[in-house]
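J.: I'll drop the sequence and a predicted model, then ask my questions.
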Amino acid sequence: MPAHPPPVRRRVVLVPAPYLVFSAAFLAVSGSLRSGLPDPVATHFGTAGRADGFTSLAALPYVAVALLLIPGAVFAVCVGAFGAERAGAKSLTMRPLIAFAYGVAGFVAVPFLASAARDHAAGRADHRENDPTGQGG
């Protein structure tokens with residue numbers, strides 16, 4: 001099997017990059033907020049804004065990273081397969097696919113980060129309400 005040309009390899013490496021960056025960002029944010037997060041953590045919100053899905057605090061990093069890395073891997077395989085097939089021809093079909101992959105990365109990662117921040121704020125507020133000293137924090 002012939003090796004993929006350099007542009008195809010470069011694209012295959014660039015496509016999963018935002019998924020890796022967002023995974024690292026989520027792990028850093030959730031790790032730094034971990035002590036203030038409730039267990040279980042709200043991971044899905046209904047149309048009224050109320051939490052209707054929960055994940056244990058122990059499973060949260062694994063679930064989030066899997067939900068980020070699986071689409072990244074799928075897009076990398078697609079770009080590699082389609083890019084290798086069209087390596088000899090100039091094709092603009094890769095750019096929309098790569099742009100879509102980057103958009104999906106943000107669409108998946110931002111709610112995870114927002115949910116972690118929201119749960120942290122809710123956990124801190126709950127802690128203040130239940131603090132017998134009244135000082136919270």
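T.: Great, that's in hand. Since the model is a prediction, treat every value here as computed from it, not as a measurement.
J.: From now on I want contacts and neighbour counts done on CA atoms only, so please keep to that.
T.: Will do.
J.: how about low-confidence regions in the protein?
T.: Along the chain, the parts satisfying pLDDT under 70 run over 1-8, 83-93, 122-137.
J.: the longest helix in it is where?
T.: helix 94-129 (DSSP state H).
J.: Tell me, how many residues neighbour the residue nearest to L97 when sequence neighbours are not counted?
T.: The shortest distance from L97 to any non-neighbouring residue, by Cα to Cα, 6 or more residues apart in numbering, is to V79 (7.5 Å). Applying other Cα atoms under 10 Å, we find 24 residues neighbouring V79.
J.: what's the closest non-adjacent residue to the residue nearest the centre of the chain?
T.: The chain has A109 as the residue nearest its centroid, 3.2 Å off, counting by Cα atoms, centre = their mean. The shortest distance from A109 to any non-neighbouring residue, by Cα to Cα, 6+ apart, is to F22 (6.1 Å).
J.: residues making contact with the helix or strand harbouring that neighbour?
T.: Element membership of F22 [criterion: DSSP states H and E] is helix 17-33. Residues outside helix 17-33 that contact it (Cα atoms under 8 Å, 6 or more residues apart in numbering) are 61, 64-65, 68-69, 72, 102, 105-106, 109, 112-113, 116-117, 120.
J.: One more pass at 7 Å, please.
T.: P61, V65, L68, L69, G72, Y102, A105, A109, L113, A116, H120 (Cα atoms under 7 Å, 6 or more residues apart in numbering).
J.: repeat for stretch 38-53
T.: F54, T55, S56, L57, S115, D119, G123.
J.: G36: which of those residues is nearest?
T.: Nearest to G36 among these: G123, at 5.6 Å, using Cα to Cα.
J.: circling back to that earlier point, quickly note the distance from the residue nearest to A109 to L68.
T.: If you measure F22 against L68 using Cα to Cα, to the nearest Å, the figure is 8 Å.
J.: Common neighbours of those two, please.
T.: Shared contacts of F22 and L68 (Cα under 7 Å, 6+ apart): A109.
J.: More neighbours: the two, which one.
T.: Higher neighbour count among F22 and L68: L68, with 26 against 22, using other Cα under 10 Å.
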